[in-house]
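Student: coordinates only, no sequence provided:
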């Protein structure tokens with residue numbers, strides 16, 4: 001670790017590309033695993049399943065990694081601007097590589113038009129994380145932002161179960177509630193805390209305005225989806241005004 005970190009810090013861009021290639025190699029390894037029959041028969045389901053499989057690996061790895069960083073080094077939670085450790089810096093580098101790989105997978109497989117909101121999200125994350133890697137500030141903030149990957153584990157699981165037509169299983173029903181719990185606990189709470197931190201310390205933070213706008217964009221989509229899920233997801237599915245929100249609702253809940 002001590003020998004690797006100076007190389008990563010000296011060449012963050014190249015390090016991100018190397019990690020992106022490693023995630024691509026992971027994608028090819030996961031292709032060897034058997035697919036559910038219903039997934040195997042549909043090309044779109046097949047692509048989604050394989051894409052989600054890589055996403056699951058990333059979420060399991062970085063979600064646990066981020067929690068460990070905060071538990072072992074509590075200063076991560078308090079000093080978002082300046083504090084970081086070798087492991088937390090490497091975590092941000094690894095996660096950036098994943099998002100680069102996933103964006104490339106969406107684009108080069110011809111799914112960009114139908115997944116533009118995910119590409120927008122990835123672009124925002126990649127830009128923020130690259131800024132962190134090159135300046136070596138806000139590393140702790142990026143680590144906290146990766147708390148959302150805990151929720152992504154249950155989110156990806158639910159989407160994969162839906163692809164396999166396993167909505168009637170008990171594991172699907174349990175995961176549905178676990179997904180909602182982790183969504184509120186790790187995704188919403190984390191984003192609101194980071195937004196509060198930026199607003200509270202806005203006067204002295206570097207490029208605070210950019211990060212505030214980024215967080216507000218992410219927060220607005222989350223809150224809109226959460227509120228609409230309670231009132232409109234069933235009765236307004238055919239109303240074009242709400243199609244975008246319904247898609248977010250299906251993705252979250």
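Tutor: Here it is on my side, so go on. As the structure is a prediction and not an experimental result, all values here were calculated from the model. Residues are numbered from 1 along each chain as shown.
Student: ok, so what distance separates residue 79 from residue 141?
Tutor: 10 Å (CB to CB, to the nearest Å). (C-beta placed from N, C-alpha, C; glycine too.)
Student: actually residue 83, sorry about that
Tutor: Relative to residue 141, and taking CB to CB, residue 83 is found at 10 Å.
Student: with residue 55 instead?
Tutor: Taken as CB to CB, the span from residue 55 to residue 141 is 22 Å.
Student: and residue 126, by the same measure?
Tutor: From residue 126 to residue 141 the distance is 15 Å (CB to CB).
Student: the two: which is more packed in?
Tutor: residue 141 (25 against 19; other CB atoms under 10 Å).
Student: can you tell me the closest non-neighbouring residue to the more buried one?
Tutor: residue 80 (4.1 Å; CB to CB, 6 or more residues apart in numbering).
Student: identify the residues contacting the one you found.
Tutor: 138, 140-141, 144, 194, 197 (CB atoms under 8 Å, 6 or more residues apart in numbering).
Student: that one: what secondary structure?
Tutor: coil (DSSP: H, G, I helix; E, B strand; the rest coil).
Student: please apply the same query to residue 165.
Tutor: Residue 165 is classified as coil under three-state DSSP.
Student: helix or strand: which one has the nearest residue to it once chain neighbours are set aside?
Tutor: Spatially, and ignoring its direct neighbours in sequence, residue 165 is nearest to residue 38 (5.2 Å; CB to CB, 6+ apart). In the assignment (DSSP states H and E), residue 38 maps to helix 37-40.
Student: which residues sit against that helix?
Tutor: By CB under 8 Å, 6+ apart, helix 37-40 touches 45-46, 49, 163-165.
Student: buried ones in it?
Tutor: Neighbour-count burial for helix 37-40, counted by 16 or more other CB atoms under 10 Å, picks out residue 39.
Student: in the helix or strand just after that helix, what's buried?
Tutor: Next helix or strand after helix 37-40 toward the C-terminus (DSSP H and E): helix 43-72. Neighbour counts using 16+ other CB under 10 Å place 45-59, 62-63, 65-67, 69-70 of helix 43-72 among the buried residues.
Student: just the pLDDT for residue 41.
Tutor: On pLDDT, residue 41 comes in at 90.
Student: tell me the spacing between residue 55 and residue 6.
Tutor: 30 Å.
Student: also residue 136?
Tutor: 12 Å.
Student: coming back round to it: could you pull up phi and psi at the residue nearest to residue 141?
Tutor: Backbone torsions of residue 80, given as degrees, to the nearest 10, read phi -70, psi -30.
Student: do you know the pLDDT at it?
Tutor: For residue 80, pLDDT reads 92.
Student: repeat that for residue 174.
Tutor: Note on residue 174: pLDDT of 96.
Student: which element is it on?
Tutor: Using DSSP H and E, residue 174 maps to helix 170-182.
Student: report the distance from that helix to the chain centre.
Tutor: 18 Å (CA atoms, centre = their mean, to the nearest Å).
Student: in it, which residues are buried?
Tutor: 172, 175-176, 178-180, 182.
Student: helices or strands up against the helix or strand following that helix?
Tutor: Under the assignment DSSP H and E, the closest C-terminal helix or strand after helix 170-182 is helix 189-200. Counting contacts by 3 or more CB pairs under 8 Å, 6 or more residues apart in numbering; DSSP states H and E, helix 189-200 is packed against helix 139-145, helix 208-231.
Student: pretty sure residue 179 sits against residue 159.
Tutor: No: using CB atoms under 8 Å, residue 179 is not in contact with residue 159; the gap is 9.6 Å.
Student: list the helices and strands the helix or strand encompassing residue 124 packs on?
Tutor: Residue 124 is part of helix 116-135, with elements assigned from DSSP H and E. Packing partners of helix 116-135 (3+ CB pairs under 8 Å, 6+ apart): helix 12-30, helix 86-108, helix 139-145, helix 208-231, helix 243-252.
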